[in-house]
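> Model the following, please.
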Amino acid sequence: MTSLIAYWNILKKDVKYYYLKPPNISWGIIFPLSWTLMQLIRSPGGSILELLPGLISMSVLFGTTSMLAVTITFERSDRSFERLLLAPISLHTMVLAKISGAIVFGILNAFVPVFFASFFVHLHEVDWKLVLPAVLMIAVTSTLLGLLIAVTAKQVFEAQTFSNLFRFPMLFLSGLFIPIKDLPRFLQPIAYCIPLTYGTDVIKGAFIGANVLSPMLSFGALSAFAIGLFIISLKNIHKKWIL
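Numbers count the residues shown, from 1 in each chain. Just a heads-up that it's a prediction; the model follows:
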């Protein structure tokens, strides 16, 4: 019960002081909206469904990594994070509370392009039973990747810089807008080392039936990435923040 109360209060504090701030809310809406409108304007109506999986994945990726970098790095810089480390709660509970807000923010971001695309195309044939868990797993893995980056940064601008070093190559290597089979042969194995590749593949299958891998394989890979990133992040927190 104590861990649950601590989890809820940390999450509530992050939502109140970070996620519900007008700049963050507007950024969370304007960024995916601008990308969606840009793609819709430059593409014929028939290709909107082909664009949506990439737009959804990209919105989740940028929303989760950016928000987690702000929350953790800002609290580390003003030393308020140290109070959480000294609190009588487990490190697992504290980390889960910190990443939960970013996961929810990323999931909400994912459906901004879906909402606006619904005015142009019918989405009743989309397999939402695959889309929803895929969005959740993309949000989880992207958030944990952001946590891993935030561990090494001391300032917000450093975290954002490190994030961009990973995010922008992932946009082109994970099949969001360029099919993996069209990439140079030496880059194709790298694409399958990126968690976003598997989530995007599931969403493509749900929208247009263009998945390359089976959903079971993709969800298994995403789960393995999530567990691995969580373990590595905890080890780095112990090494860099506690010892």
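> Quick check: nearest residue in space to residue 223, chain neighbours excluded?
residue 137 (7.3 Å; C-beta to C-beta, 6 or more residues apart in numbering). Heads up, the C-betas are built off the backbone N, CA and C, glycines and all.
> what pLDDT does the one you found get?
Predicted confidence (pLDDT) for residue 137: 94.
> What of the one 10 residues further on?
Here, the pLDDT recorded for residue 147 equals 83.
> From what I see, the residue nearest to residue 223 and residue 221 are in contact.
No. Contact criterion C-beta atoms under 8 Å: residue 137 and residue 221 do not qualify, at 9.4 Å.
> counting contacts, what elements does the longest helix seen in the chain pack onto?
Identified as the longest helix of the chain according to DSSP state H is helix 48-77. Contacts defined by 3 or more C-beta pairs under 8 Å, 6 or more residues apart in numbering; DSSP states H and E place helix 48-77 against helix 22-42, helix 81-86, helix 91-117, helix 128-152, helix 156-173, helix 195-208.
> quick one: it to chain centroid distance?
In terms of C-alpha atoms, centre = their mean, to the nearest Å, the centre of helix 48-77 is set 5 Å apart from its chain centre.
> angle of that helix against helix 128-152?
Here the directions of helix 48-77 and helix 128-152 differ by 30 degrees (axes from the mean of the first three to the mean of the last three C-alpha atoms, to 10 degrees).
> Flag every buried residue along helix 48-77.
If you call a residue buried by 16 or more other C-beta atoms under 10 Å, then helix 48-77 has these buried ones: 48-49, 51-76.
> Rank the helices and strands of the protein by mean pLDDT and give me the bottom one.
For the chain, counting by mean pLDDT, DSSP states H and E, helix 81-86 ranks last in confidence among helices and strands (a mean of 63).
> Show the low-confidence segments of the chain, by residue range.
1, 21-29, 31-33, 36, 39-46, 74-88, 153-159, 240-243 (pLDDT under 70).
> quick one: the closest residue to residue 37 other than its chain neighbours from residue 208, how far?
Distance criterion C-beta to C-beta, 6+ apart; nearest residue to residue 37, sequence neighbours excluded, is residue 116 at 7.3 Å. Residue 116 sits 18 Å away from residue 208, going by C-beta to C-beta, to the nearest Å.
> ditto for residue 50
With C-beta to C-beta as the criterion, residue 50 and residue 208 are 6 Å apart.
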